[in-house]
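>>> here's a sequence, model it:
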Amino acid sequence: MKKNIGVIAAAILAAAALTACGTSKTAETSAAESSAAAAETSTAESSEAAEETTGDLEDLTVGASPAPHAEILEAAREELAKKGYNLKIVEYTDYVQPNLALEAGDLDANYFQHLPYLEQFNQERGTKLVSKIHYEPFGIYAGKTASLDELADGAKVAVPNDATNEARALLLLEAQGLLKLADGAGLKATKTDIVENPKNLDILEVEAAQVPRSLPDVDVAVINGNYAIEAGLKVSDALAVEASDSEAATTYGNVVAVKEGKEEDAKTKALIEALTSDAVKEYMEQTYEGAVVPLF
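Coordinates of the predicted model:
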């Protein structure tokens, strides 16, 4: 792909590289096919009523995952209207097509991924960093076992099976004193980097989107923020959550991406300003109860 996907980071903030918040292995199809399908099926219904009163507003089309990104964008609709833009949201359920559609020029921007995923996606395509909007903290949720103190020897622990998200899960388990990773493993850690496992935890690697569904079959599970939201799990119910100042939290902020050369366009600036507004910050804090944390 041409080296022309750029990223705009606005100082804000979850999956992924897998998240983009989580991981997607959907086969890449043509950007044209992607955008055509998206145009037919995924423009947010809530925008239809708004379009009736848009008047001379200029369209601003943004691709996003359904939750929480499309919801957050919807909260920014009024702010964008004040700036002269009619927001059109195109929802995607995978993490490949939004970047292909952006590359093809079918989107003005997209909002669904964290930086490590974008960097990995664009190793062959070239990207440009801008600022962060929010992060979605990982949490450890109870399955068969109600607390971390009650974990028995050999307890089953489900973690995401993709590279960056597995590392985040292992780091969170390490932060709770449940295991120890090799020095320097950091955000590249895998099961092979576990050097101490006093409870002989059985670490089960599961596709990120499926981890919430594994809860009935495991003792605890470490779940991506966006998938926890979709599964109806609350951060307040988690047995442990990533600290807001952790390496993962500061690394995995979700970003707004635009094509290279569009970083300073009026549309881009308006989108970033709207997403970092007080109204959207309040929406994040009140709606997600800690599952989405603004970084602005």
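
>>> how about the helices in the stretch 151-296 of the chain?
163-175, 225-230, 247-251, 266-275, 278-288 (DSSP state H, counting those that start in this stretch).

>>> tell me the pLDDT of the closest residue to S147 other than its chain neighbours.
What sits nearest to S147 in space, not counting adjacent residues and going by C-beta to C-beta, 6 or more residues apart in numbering, is L239, at 6.2 Å. In short, each C-beta sits where N, CA and C put it, glycine included. pLDDT recorded at L239 is 98.

>>> the one 10 residues further on too?
Residue-level confidence at A249 comes out at 75, pLDDT.

>>> hey, least reliable of the helices of the stretch 151-296 of the chain by pLDDT?
Among the helices of the stretch 151-296 of the chain, helix 247-251 scores lowest, at a mean of 79.

>>> does Y111 really touch N254, like I thought?
Yes. At 7.0 Å, Y111 counts as touching N254 under the criterion of C-beta atoms under 8 Å.

>>> and those two? which has more neighbours close in?
N254 (34 against 26; other C-beta atoms under 10 Å).

>>> ok, the residue nearest to S147 - contacts?
139-142, 147-148, 220 (C-beta atoms under 8 Å, 6 or more residues apart in numbering).

>>> where does pLDDT dip in the stretch 1-150 of the chain?
1-55, 124-133 (pLDDT under 70).

>>> which other helices and strands contact the host helix or strand of P116?
Taking DSSP states H and E as the definition, P116 sits inside helix 115-121. In terms of contacts (3 or more C-beta pairs under 8 Å, 6 or more residues apart in numbering; DSSP states H and E), helix 115-121 is packed against strand 5-8, helix 163-175, strand 254-259.

>>> now do the longest one: which elements does it pack against?
Where contact means 3+ C-beta pairs under 8 Å, 6+ apart, helix 163-175 is packed against helix 115-121, strand 139-142, strand 156-160, strand 180-181, strand 220-223, strand 240-241, helix 247-251.

>>> CSV for these, including distance to L233?
Output for the helices and strands packed on helix 163-175, formatted as CSV (distance: least, C-beta to C-beta, whole Å):
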stretch, distance to L233
helix 115-121, 22
strand 139-142, 6
strand 156-160, 13
strand 180-181, 25
strand 220-223, 7
strand 240-241, 11
helix 247-251, 18
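
>>> right, so of the ones you listed, which gets closest to L60?
When those are compared by C-beta to C-beta, helix 115-121 sits nearest L60, at 20.3 Å.

>>> show the subsequent helix or strand relative to the closest one.
Next along from helix 115-121, by DSSP H and E: strand 134-135.

>>> what's next to that next one, contact-wise?
12-14, 68, 72, 114, 225, 249-250, 252-254, 284, 292-295.

>>> what's the answer for stretch 68-75, then?
So stretch 68-75 is in contact with 44, 46, 62, 64, 87, 89, 91, 111-112, 133-134, 136, 226, 229, 254, 275, 279-280, 283-284, 287-288, 291-292, going by C-beta under 8 Å, 6+ apart.

>>> pretty sure N200 is touching G154, no?
Yes. Counting by C-beta under 8 Å, N200 does reach G154; the two are 5.1 Å apart.

>>> specify the beta-bridge partners of T61.
K88 (DSSP bridges).

>>> how many neighbouring residues does T251 have?
Counted with other C-beta under 10 Å, T251 comes out at 16.

>>> so what's it up against?
114-116, 187.

>>> so how do I select the buried members of those in PyMOL?
Command for PyMOL, covering only those of the contacts of T251 found buried under the criterion 16 or more other C-beta atoms under 10 Å:
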select buried, resi 114+115+116+187
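
>>> okay if I get the contacts of T251 as CSV plus distance to E263?
As requested, the contacts of T251 are exported to CSV (distance: C-beta to C-beta, whole Å):
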residue, distance to E263
H114, 18
L115, 15
P116, 20
L187, 26
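
>>> pretty sure K267 contacts D59?
No. Using C-beta under 8 Å, K267 is not in contact with D59, being 9.3 Å away.

>>> give me the more crowded residue out of those two.
K267 (20 against 13).
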